[in-house]
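# just to be clear, the model below is a prediction. Sequence and coordinates:
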Amino acid sequence: MTISVNGVEAMLPSDPRVSLLDLLREQLGLSGTKKGCDQGACGACTVLVDGERILSCLALAVQYDGRSVTTIEGLGTAECPHPLQSAFIAHDGFQCGYCTPGQICSAMGMIEEVRRGTPSHVTSDITAEVIPFSRDEVRERMSGNLCRCGAHNGIVDAIATLLPEAAE
Amino acid sequence: MIPFTYARATDVADAVRRGGAEAARYLGGGTNLVDLMRETIERPDILVDVTGLSHAITERDDGGLLIGAATSNTALAEHRAVRTRYPALSRAIVAGASAQIRNMATVGGNLLQRTRCAYFYDEAGAHCNKRHPGDGCDAMDGFNRMHAILGASPSCVSVHPSDMCVALAMLDAQVHLEAPASTRRLPLTELHRLPGDRPDVETHLAPGELITAIELPAASLAVRSTYRKVRDRASYAFALVSVAAALEVEEGRVKEVRIALGGVAHKPWRAWTAEAALLGQPATEASFAAAAQAELAAARPLKDNGFKIELARRTMVAVLGELAGEAV
Amino acid sequence: MSIIEDTKQLVQGAVMAGMSKAIALAPDRWIPGGTPDPLISHRHGHIGRPTTRIDGPLKVAGAAPFAAEFPMEGMVYAALANSTIAKGRIVELDTRTAEEAPGVIAVMTHRNAPRLSPPPAFMSSPKAAGGDSLPVMQDASIHWNGEPVAVVIAQTQEQANHARSLVRVTYEAEPAITSLGAAKARGSRTAMFMGQPLHDEVGDADAALAASAVNVDASYSTPRHNHNAIELHGVTVAWQDGVLRIHDASQLVAHEAWTLAQMFGIDEDKVVVTSPFVGGGFGGKCLWQHQVLAAAASRMVGRPVRLVLSREDVYRLVGGRSNTEQRVALGADPDGRIKAIIHEGVTPKTAFNAMPEPFILPTRSAYASETIKLDVQAVELDMLSNTFMRAPGESVGTFALESALDELAHKLDMDPIELRIRNEPEKDPTNGLPFSSRHIVEAWRAGAERFGWSARKPASGTVRDGEWLVGMGCATATYPYYRMPGGAARITLTREGHATVDIAAHEMGMGTATTHTMVAAERLGLPLEAVTFNYGDSTLPGVVLAGGSQQTASIGASVIAAHRALVKELLKLAGNDSPLAGLKPDEVGGTDCGLCKLDDPALYESYASILGRAQRVSVCVEASPSAPMEIMHWSMHSHGAMFCEVRVHAVTGEVRVSRFLGSFDCGRILNPKTAGSQFRGGIIMGLGLALMEETRFDERSGRIVNPSLSEYHVPVHMDVPEIDVIWTDIPDPHAPMGARGIGEIGITGTAAAVANAVFNATGKRVRDLPITLDKLM
């Protein structure tokens, strides 16, 4: 029973009640993934599992046996940030910084979803093979990540830097 | 959460064998069940993880689709056949929850979501017949803006929260069920119950019965289908009212029509009355309005939700109008 | 209790009122800010340059440690059980099953909790921080629905959470006042706020209203709100060698340390509160029961304790904004000159706090009118104490006032901007003080131009885009300049030319750490990287509240005082051999890693040279600024002109904000990058206030029904359009750095701008927030 976290194998907890979020924060010392509601309503705990974004607070860790998890710590570091992390700084895509790791992980997953053609609520032609990027597409797809400081504009700006096709 | 044991089902037979135990629950993506367990509203002793079972979407010989119950909501919404042949289903799924939740949530689990009634969620501090039959209903005279206008009972006025189910109800989906001693199918419209005096019993599933797949019948009508959801914020909110509909117009008259409503009842609400009223009628706003009126004649407002009747009427008319416009 | 408190406040208020008069009449030069801060004239330094957050790299990497993320050896976890009645007594408390549950170390209740004094309530003394004055888990009495009744301490969070559900409590309920109607029926009293009654009268407003050619008179209501910072309130606490160490998310570390010391009966220096990062505050990250309970539990079990509130716990333990019922009546002559302003209403509080939502505050200095009557009546409910939430008073008060202005403009058939400009006062209309700096007209003109206001159709319901009705609205935003007493700062300057500024201030995302590094660097004449700004630690100098948009002024004034002391010390050390010899502290300033004569920069000596010659490695000074008399000498307010475009769905009534512009006059903007984010953040919270936010309080039980982020809606990305912000950047000559606070003004005026735009789009006037679609169908 192991799980790979940022490329490192970790033991799964013996108590099946432990969420993936609490495994990361309390047992593995990876507190970059945040707890904002513990009930799937805020997105602060978003991580990537096999490249797909999920809410780690609603995930029982034991369910993810053998899976590969990427957290904010696995994307980049303060010294050597991922381009998206740098873009968040450049565009002031946060204030308090608490929802930020979740926003960034969510955006990583979101970009892949669009590239593979997953439609969204604002996609006008859902039968289209290629979904055109727009700021509204980014907004809708990032709506599962709440930000109370109100950094929404900066977040969308930061994400748009990774999407040349989104430039209006 | 109370302590429980966790087991991962290797196949359907293994799942139903384990799931037959008392106080066992099937675990899909966990997006609702884990939350309810944390609130100690759900108190299973055994969790049988069924996410490893079929998540295949296969074409059936009759032109329909068979969707494994462990399929994620995202996988279903983005599937080409669903997007092109059952667009209302894709639209309904992406109107629900958030992308992260849709990635986790399974199709089977979505069907068995429990209500988001705030009094249901307050295990410590509110009365709820759904949690404890006979306990009383604090929603009846409390905050009930989100609550039911159709099919409610003096015991329970809560609504089913799913968007996907509304589209499935409209599409005549069939639910494939498995138990140790039986295999059967149920129309989705007959899966969920109205509350009556037992709001704690939400479906017609037998104890331990497992949803293994959803079947979508072949239907050319579904190609011209859509889903519209009205809610209190622009995204990531449950429906106040939603409408799934498909319409075929021939020579200006309604040849075939299917309508289902969400956010209005304890179950996804198939608008049979409106459908019957529309067949053969001119595809005009007046007919749509009359049909909506007929469907909503039975609607009963609570203290805070009277607006839903008018909202449902208007949304039905608008959606049918939009489909009729496309049909011309 | 309340009457005694009110009397105390009245006495304080009378003293204050007498002092105010003297301070108002004093010459400018006697007043702090009477001589403009020399930094105001620096136009090409760090100040005003868009500067990226210095803590950005840590935050985007998830490496900034928040309160619940400090590891401690042997730490255990806590979980709370809360009451389910609003008032009464616990008659049975069965903790046996919980105590026997796996992993449980102890269950703390009123029976075994350490004995504690009640918390001094916020504003009852200079360092008091209590959200209320109620004893914490000391007896069987219950005062609100949701009050903690037990704390379970266990080896893991899962075990603690489980055992919490096993605590069995039986109550004897007593009659509770949980509805506004019942509370009003028992009578109300004029509310007291910061020692003064929330009541002002200028002339006879009722008579003037009756005599006015045109008038509007309407009632508005606003619901309860919660802050909903995304970070859950959490603490990691330990008792180490008699010192209580608290890693907290706090916007008042020094107040908190003092208050906890009072409660635990220990010396103030035996409590250390640190809070390097706060995951959003907005008024909600102050002292509530959870810090006290965690500290008490830790003392009881003799181990470090982590207590993270669930989201539901946050609603049950941490107060929010109270609801209001307001009446605004305006009388005007046919030319739109306002003759009467009446703004009055009622708001609930508890018997145990001193915080009536002061919704008349924005009206005090808003418009020239010969007559004004303002009044807030407070009633008392049995509920969790309400508290400050972003722009208390102004946020909801401007909704009523600025909606009424729009109604008046409509009745006069006048452009609402012109109506506001026509009634621009020359001095403060209620206290008669001169304004320190007021450029709202410039903000209106610049904003109208940029937003394209001239394209607005005055007639309602005339612009349609497909299924959407389109409208534009505007409103005035306003928030006062405050500076609270208690500031202090320490500067340590080394011979290498590195300065460390220490002050017990807070960074909750406002950009404090970055901006005050800039300001200190500018003042000292150092590059940014030569300045370290330390904050978020109660052992540092100063009693500074991150609230009331006053932290920038408080830090600024403290650093000015410390800097003056530093210069004095450096001049002394420089001695007679320095080019600066004989100069007075006021004549020199920092530049180029040294000091120079302000009006003759050629007279210069570097810090390295001064300290080297004095054979000093470093110099360290600490100082406090003088009392904030400037706020009694001038009427000091920021303003904004808010512009909104909405789209209202013709079929469903759904409202979407499609454009928003805030044009601000807030003095000098120190860091345009972080300031822009503060303005936008306030506006976005204002959009929530306008369209969706509501804490649902069940008046039958006194219980909050929607204690979650799925049922309490805050704006999501899809609700937030591009928000444009501009500013006058005209320095306030009487404020440190020329800057007035900017943290709260964005939420003010926004709801009215939205409501006024909705009226323009639909012809429907919604006077009860939030503006949900059912009100527009």
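Everything's here; your move.
# residues near residue C:172, how many?
As a burial measure, residue C:172 scores 12 neighbours (other C-beta atoms under 10 Å in any protein chain shown). (Each C-beta comes from the backbone N, C-alpha and C, glycine too.)
# ok, the one 10 residues further on next?
By the measure other C-beta under 10 Å, the count of residues near residue C:182 is 14.
# isn't there a helix covering it?
Yes - counting by DSSP: H, G, I helix; E, B strand; the rest coil, residue C:182 is part of a helix.
# got a pLDDT number for residue C:4?
Note on residue C:4: pLDDT of 53.
# distance of the residue lying closest to residue C:494 once chain neighbours are set aside relative to residue C:746?
Counting by C-beta to C-beta, 6 or more residues apart in numbering or on different chains, residue C:618 is the residue found nearest to residue C:494 once chain neighbours are left out, at 4.4 Å. Residue C:618 sits 41 Å away from residue C:746, going by C-beta to C-beta, to the nearest Å.
# so these two - more neighbours on which side?
Each of residue C:618 and residue C:746 had its neighbours counted (other C-beta under 10 Å), and the higher figure belongs to residue C:746 (30 against 14).
# just to revisit the earlier point, for the residue nearest to residue C:494, grab phi and psi.
According to degrees, to the nearest 10, the main-chain angles of residue C:618 amount to phi -160, psi 170.
# dump the residue contacts of it.
Counting by C-beta atoms under 8 Å, 6 or more residues apart in numbering or on different chains, residue C:618 touches C:492, C:493, C:494, C:495, C:611.
# report how many residues lie close to the closest residue to chain A within chain B.
Using C-beta to the nearest C-beta, the single residue of chain B nearest to chain A is residue B:98, 2.4 Å away. Using other C-beta under 10 Å, residue B:98 is surrounded by 27 other residues.
# returning to what we had before: return the subset of the contacts of residue C:618 lying in strands.
C:492, C:493, C:494 (DSSP state E).
# most neighbours among those, which one is it?
residue C:493 (27 neighbours).
# thought residue C:617 was touching it, still the case?
No - contact criterion C-beta atoms under 8 Å: residue C:493 and residue C:617 do not qualify, at 10.2 Å.
# who's in contact with the residue of the stretch 451-600 of chain C found nearest chain B?
Proximity of the stretch 451-600 of chain C to chain B (C-beta to the nearest C-beta) peaks at residue C:467, 7.7 Å away. When contacts are counted by C-beta under 8 Å, 6+ apart, residue C:467 touches B:318, C:649, C:650, C:651.
# do residue C:565 as well
If you count contacts by C-beta under 8 Å, 6+ apart, then residue C:565 has C:491, C:621, C:622, C:623 around it.
# again, only this time at 7 Å
C:621, C:623 (C-beta atoms under 7 Å, 6 or more residues apart in numbering or on different chains).
# got the phi and psi for it?
phi -60, psi -40.
# which helix runs longest in chain A?
Scanning chain A for the longest helix, with DSSP state H as the assignment, gives helix A:100-115.
# and the helices in the stretch 101-250 of chain C, which stretches?
Applying DSSP state H, counting those that start in this stretch to the stretch 101-250 of chain C gives helices spanning C:157-164, C:180-185, C:205-211.
# please identify the most buried of the ones you listed.
helix C:157-164 (a mean of 24; mean count of other C-beta atoms under 10 Å in any protein chain shown).
# how far away from the center of its chain is that helix?
Its chain's C-alpha centre and that of helix C:157-164 lie 34 Å apart, by C-alpha atoms, centre = their mean, to the nearest Å.
# the residue of chain B closest to chain A and residue A:133, how far apart?
19 Å.
# ok, now residue C:616?
60 Å.
# give me the more crowded residue out of the two.
Neighbours were counted for residue C:616 and for residue A:133 using other C-beta under 10 Å; residue A:133 has more, 20 against 15.
# helix, strand, or coil at that one?
Per three-state DSSP, residue A:133 ends up coil.
# what's near enough to touch residue C:191?
By C-beta under 7 Å, 6+ apart, the neighbours of residue C:191 are C:198, C:356, C:376, C:377, C:378.
# before we move on, back to that, quick one: is the longest helix of chain A near chain B?
Yes - against chain B, helix A:100-115 shows contacts by C-beta under 7 Å from any C-beta of the partner chain at A:106, A:110, A:113.
# for that helix, packing partners?
strand A:46-49, strand A:52-55, helix A:72-75, helix A:83-90, helix B:99-104, helix C:56-60 (3 or more C-beta pairs under 7 Å, 6 or more residues apart in numbering or on different chains; DSSP states H and E).
# let me have the ones you listed in a markdown table, adding mean pLDDT and distance to residue C:192 as columns.
Below are the helices and strands packed on helix A:100-115 laid out as a markdown table (pLDDT from 0 to 100; distance: least, C-beta to C-beta, whole Å):
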| stretch | mean pLDDT | distance to residue C:192 |
| --- | --- | --- |
| strand A:46-49 | 98 | 45 |
| strand A:52-55 | 98 | 45 |
| helix A:72-75 | 98 | 47 |
| helix A:83-90 | 98 | 44 |
| helix B:99-104 | 98 | 47 |
| helix C:56-60 | 98 | 40 |
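# include distance to residue A:127 and mean neighbour count when you put those into a markdown table, please.
Below are the helices and strands packed on helix A:100-115 laid out as a markdown table (distance: least, C-beta to C-beta, whole Å; neighbours: other C-beta atoms under 10 Å in any protein chain shown):
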| stretch | distance to residue A:127 | mean neighbour count |
| --- | --- | --- |
| strand A:46-49 | 28 | 26 |
| strand A:52-55 | 23 | 28 |
| helix A:72-75 | 33 | 23 |
| helix A:83-90 | 30 | 20 |
| helix B:99-104 | 19 | 27 |
| helix C:56-60 | 37 | 23 |
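# possible to save the ones you listed as TSV with distance to residue C:728?
Formatted as TSV, the helices and strands packed on helix A:100-115 follow (distance: least, C-beta to C-beta, whole Å):
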stretch	distance to residue C:728
strand A:46-49	40
strand A:52-55	42
helix A:72-75	39
helix A:83-90	26
helix B:99-104	41
helix C:56-60	28
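# who does residue B:67 form a beta bridge with?
Beta bridges link residue B:67 to residue B:57, residue B:214, judged by DSSP bridges.
# now residue A:38. Nearest residue, chain neighbours left out?
Here the nearest residue to residue A:38 in space, its sequence neighbours aside, is residue A:57; by C-beta to C-beta, 6+ apart that works out to 4.9 Å.
# quick check: that neighbour touching residue A:46?
No - with contact defined as C-beta atoms under 7 Å, residue A:57 does not count as touching residue A:46 (9.4 Å).
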